[in-house]
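A.B. asks: this is a predicted model, with the sequence first.
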2 protein chains.
Amino acid sequence: MRRMTARPANAHQARLLRLLRDGGPNSRAQLGDQVDLSRSKLAVEVDRLLETGLVVADGLAASRGGRRSHNIRLAPGLRFLGVDIGATSVDVAVTNAELEVLGHINQPLDVREGPVAVFEQVLAMAAKLKASGLAEGFDGAGIGVPGPVRFPEGVPVAPPIMPGWDGFPVREALSQELGCPVMVDNDVNLMAMGEQHAGVARSARDFLCVKIGTGIGCGIVVGGEVYRGTTGSAGDIGHIQVEPDGRQCACGNKGCLEAYFSGAALARDAEEAAREGRSDELAALLEGAGKLSAADVAVAAAAGDATALDLIREGGNRTGQVIASLVSFFNPGLVVIGGGVTGLGHTLLAALRTQVYRQSLPLATGNLPIVLGELGPTAGVIGAARLISDHLFSPA
Amino acid sequence: MRRMTARPANAHQARLLRLLRDGGPNSRAQLGDQVDLSRSKLAVEVDRLLETGLVVADGLAASRGGRRSHNIRLAPGLRFLGVDIGATSVDVAVTNAELEVLGHINQPLDVREGPVAVFEQVLAMAAKLKASGLAEGFDGAGIGVPGPVRFPEGVPVAPPIMPGWDGFPVREALSQELGCPVMVDNDVNLMAMGEQHAGVARSARDFLCVKIGTGIGCGIVVGGEVYRGTTGSAGDIGHIQVEPDGRQCACGNKGCLEAYFSGAALARDAEEAAREGRSDELAALLEGAGKLSAADVAVAAAAGDATALDLIREGGNRTGQVIASLVSFFNPGLVVIGGGVTGLGHTLLAALRTQVYRQSLPLATGNLPIVLGELGPTAGVIGAARLISDHLFSPA
DNA sequence: GACTCTTTGTCCTGTGACTGGAGAAAGTCG
DNA sequence: CGACTTTCTCCAGTCACAGGACAAAGAGTC
């Protein structure tokens, strides 16, 4: 199949494509209700879109008491590739034009091996998805990386946990390899976009999306648009200082939030507690696996282990203090918690909420939901697909 | 003179009005270079604006080698009223349509006396400016208040330092009294708009404006637009906790930034130091006046008083920690420091910079200027005039 | 089955927005 | 005084768009 070549010729067409993406198949009449255009003008633009092949008219809908309508939908063969590169694993998924996940693979990975090795793996995963018959090719790809990105160029800049990636032209290189348009963004921003598109943040305009995985980051959405900051490092809250002259952090500073709470810090603290004999539960888990992860702490906590619960509560308190500051500053309408440690579930959430509701002003917290993301690991890949579709579904 | 009755009929006219406001008088040809319109269309819109009386053509500019151009400018009789209500004083100014301050009055005030008493005073000040011949009437007024505002309605909500104002319909009441359109906003947001219009932030798109006066607040500008948050309390950083279980704050919580550094806290600490005999300089000032203010600390510091310098440094360090967090989170392109305590000058700035540059990631601080505002007390009133002119110079 | 009513989609014409060229007006410069 | 520039105006042609008329295709009613 020939890949998507055309782009919307004007803002009307872009609008229509996004409506079809977000609302599924629609008749011309239904589309007309959602855009501020006359039926005639709308028909013209729909016809032009049909000519380009971006949308198709297939079949007739059931009558609602009158003439049956044509189903207008995005071309069913369109495929987007969503890639979410984490510090220790990578998610690759294929979606259709409506951003529904058709296939999804997760594999372990060490991002420090550098872009060449990582992309080899990612391309192999993409090829696997293609081979399974889910896609004959990709019309676009969105890539998430765990660090700041100069967004317009799609190039990571000074990423602390992936030093070999600094300045690597991710967008250009992958665009060449995949033979389709590519957009690159911070993984946290993609999670925010994913939850906004298909998750808990569907109706939110100004919200924060805190991702606690190997590190901690925060996606910022202002007026429905991701805010990336002047140099692309906005939301980098992992290195906010929570303890003057505190624990040494990998970034070189002392007392960073990430040094106290994150997947990595939690695993380290749990191992220490196990070795020091403060928790039989954790010691048993350590015995079995040789090392511990945040998931092990979740298991121990679920079994009622007091030490594990304490670790979670303490980390949640620290993180909650930072979030409380951000809530005072940013006054969001919603805070979404996501990332690997969401397995810690209600214990974590309770600690976060306590801190935020206690420390921020009532006006800012009065009607502020703090909730877990509902998409889990698919948030990132859906966000990635959304990123590239937003790009492709806008006037050239 | 009849007041401004017309409003721009479309986006083109609004654009032209703002160009004339920000760039001063212009010929049709110069305007044509700045908007994406043909000369013919431009001429039509300019003619329509001339008909409404919003702009006038007065005189011919010097020739630049050809036919002399007509000077198109905003109607010279247009007058905006800018009001900046602080906790302990109020600024009222008149500007022309280009937002140049024609007259400016400052008076002490206690905002806790409530809206009725305050507006009586403000209206008297406005009348005084009118009586001095600067204005025959006002075409619009912008009002800044020291607390959160539900922006669309122009109503303060749950303002901690001015409880009597909660829910008072400021916009409606003043619009009635003044007989012109009124817009209301937080005083910190107005300062940010002022510095953006005519001060250090002229070319900044994403920046923070930290105002340290009786309290501490922060104006947030995203993409050139003020961000107000979900309930209008964005930027309320005075009650971020900087010390767990720390000093009691007026808001009811403990350890808030404002409890450690602000005009009020600084005055209190200085008085304490004077009474405890830790500073002869401050003791002498206290002797003379019976009480101390932030300005007294500035005087003592300028005279080399070690205790005063320490107070400033310590407060600057605390505030710098918070700003460092915000810089990591928001990644601004500029941080402006303003408000009453800017008299503390370089000592304060040095403390702030040290903290921010040490604690935030290099990517976020690499090219980040942290500077004092250059407009001083006029920032607020210029911002207020800008607020209402933005409103009036937009399509109805 | 004839009739009316509803819904959907197409066609056509009139209007207003806009562009770009021609040219007039008003100046400078050699 | 002519050549050239810059500014501004006028005009005709093009394009976007709205809205009405109408055709197509169905449901419901008697």
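C.D. replies: Ah, there it is. Residues are numbered from 1 along each chain as shown, chains lettered A, B, ... in the order given.

A.B. asks: who's in contact with the least confident helix or strand in chain A by mean pLDDT?
C.D. replies: Least confident helix or strand of chain A, by mean pLDDT, DSSP states H and E, is helix A:280-289 with a mean of 80. By Cβ atoms under 8 Å, 6 or more residues apart in numbering or on different chains, the residues outside helix A:280-289 that reach it are A:270-271, A:273-275, A:277, A:292, A:296-297, A:299-300, A:303, A:305, A:307-308. No exception for glycine: its C-beta is placed from N, CA and C like everyone else's.

A.B. asks: need the next SSE after it, C-terminal direction.
C.D. replies: In the C-terminal direction, the helix or strand that comes right after helix A:280-289 (DSSP states H and E) is helix A:294-302.

A.B. asks: using CSV, list the CA coordinates for that following helix.
C.D. replies: What follows is helix A:294-302, C-alpha atoms only, in CSV (Å, rounded to 0.1, in the frame of the first residue of the first chain):
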residue,chain,number,x,y,z
ALA,A,294,10.0,-0.9,42.8
ALA,A,295,7.6,-3.7,41.9
ASP,A,296,9.0,-5.8,44.7
VAL,A,297,8.3,-3.0,47.1
ALA,A,298,4.8,-2.9,45.8
VAL,A,299,4.4,-6.7,46.4
ALA,A,300,5.8,-6.4,50.0
ALA,A,301,3.5,-3.4,50.7
ALA,A,302,0.5,-5.3,49.4
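
A.B. asks: what angle separates the helix or strand following it from helix A:294-302?
C.D. replies: Using DSSP H and E, the helix or strand that directly follows helix A:294-302 along the chain is helix A:306-330. Here the directions of helix A:306-330 and helix A:294-302 differ by 110 degrees (axes from the mean of the first three to the mean of the last three Cα atoms, to 10 degrees).

A.B. asks: ok, helix A:306-330 near chain B or not?
C.D. replies: Yes. Residues of helix A:306-330 contacting chain B under Cβ under 8 Å from any Cβ of the partner chain: A:Gln321, A:Val322, A:Ala324, A:Ser325, A:Leu326, A:Ser328, A:Phe329, A:Phe330.

A.B. asks: then stretch A:3-22?
C.D. replies: No. Judged by Cβ under 8 Å from any Cβ, stretch A:3-22 stays clear of chain B, getting no closer than 14.2 Å.

A.B. asks: please compute how far that stretch lies from its chain's middle.
C.D. replies: Taking Cα atoms, centre = their mean, to the nearest Å, one finds stretch A:3-22 lying 23 Å from the centre of the chain it belongs to.

A.B. asks: residues from the stretch 251-396 of chain A in reach of chain B?
C.D. replies: Proximity of the stretch 251-396 of chain A to chain B, by Cβ under 8 Å from any Cβ, involves residues A:251, A:253, A:321-322, A:324-326, A:328-333, A:358-364, A:366-368.

A.B. asks: spell out the secondary structure type for A:Ala57.
C.D. replies: Using DSSP: H, G, I helix; E, B strand; the rest coil, the structure places A:Ala57 in strand.

A.B. asks: circling back to that earlier point, buried ones in the least confident helix or strand of chain A, by neighbour count?
C.D. replies: Neighbour-count burial for helix A:280-289 flags A:Glu281, A:Leu282, A:Ala283, A:Leu285, A:Leu286 (criterion: 16 or more other Cβ atoms under 10 Å in any protein chain shown).

A.B. asks: for A:Ala274, see how far away the third one is.
C.D. replies: Applying Cβ to Cβ, to the nearest Å, one obtains 4 Å for the distance of A:Ala283 from A:Ala274.

A.B. asks: which element, helix or strand, includes A:His197?
C.D. replies: In the assignment (DSSP H and E), A:His197 maps to helix A:187-198.

A.B. asks: now A:Ala396
C.D. replies: Per DSSP H and E, there is no helix or strand for A:Ala396.

A.B. asks: what's the answer for A:Val210, then?
C.D. replies: strand A:207-212.
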